[in-house]
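Need coordinates for the following:
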Amino acid sequence: MTGPGLRTSITESLALNAMPEDIKNLCRLADISSKSLLLQIVRQDSPEKMVALVEKISRGQMNREQARQVSRGPQRGRPKK
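Numbering: from 1, shown residues only. Now for the predicted structure:
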């Protein structure tokens, strides 16, 4: 793997590694191991929001697509045609 795909994988790995240890433990206890869900959790802008999202996911109140909607902020990059 080279180019943008490698850069994305590295960025995601660094983000997951930087997740606060207490949030990591909470994810383990909630049996959340999906990389995409973990990335949605770590993209929250505060530990409190991370905990709230973990709790919603673990209770079955939120699926992966709903978590993406929560995490999605203003769209960046070039506008689509």
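
Not counting the lengthiest helix in the chain itself, show me its contacts.
Across the chain, the longest stretch assigned as helix under DSSP state H is helix 4-17. Identification of contacts with helix 4-17 by C-beta atoms under 8 Å, 6 or more residues apart in numbering yields 1, 35, 38, 39, 42, 43. Heads up, the C-betas are built off the backbone N, CA and C, glycines and all.

and these, which are buried?
Buried subset of those (neighbour count, 16 or more other C-beta atoms under 10 Å): 38, 39, 42, 43.

Next, the contact list for residue 35, please.
12, 16.

hmm, try it at 10 Å
12, 13, 16 (C-beta atoms under 10 Å, 6 or more residues apart in numbering).

number of nearby residues for the second one?
Other residues near residue 13 come to 11 when the count uses other C-beta atoms under 10 Å.

again with the last one
If you count neighbours by other C-beta under 10 Å, residue 16 ends up with 15.

which residues of this structure score low on pLDDT?
1-2, 71-81 (pLDDT under 70).

any chance you could map the helices in the chain?
4-17, 21-29, 35-42, 47-58, 64-71.

Tell me what angle the fourth one forms with helix 35-42.
Regarding helix 47-58 and helix 35-42, their directions subtend 150 degrees when assessed with axes from the mean of the first three to the mean of the last three C-alpha atoms, to 10 degrees.

Now helix 47-58: buried residues?
Of the residues in helix 47-58, those buried (16+ other C-beta under 10 Å) are 50, 51, 53, 54, 57.

Quick check: nearest residue in space to the third one, chain neighbours excluded?
Ranked by C-beta to C-beta, 6 or more residues apart in numbering and with sequence neighbours excluded, the top spatial neighbour of residue 53 is residue 41, at 5.3 Å.

With residue 18 instead?
Nearest to residue 18 is residue 42, by C-beta to C-beta, 6+ apart, at 7.3 Å.

Done for today, thanks.
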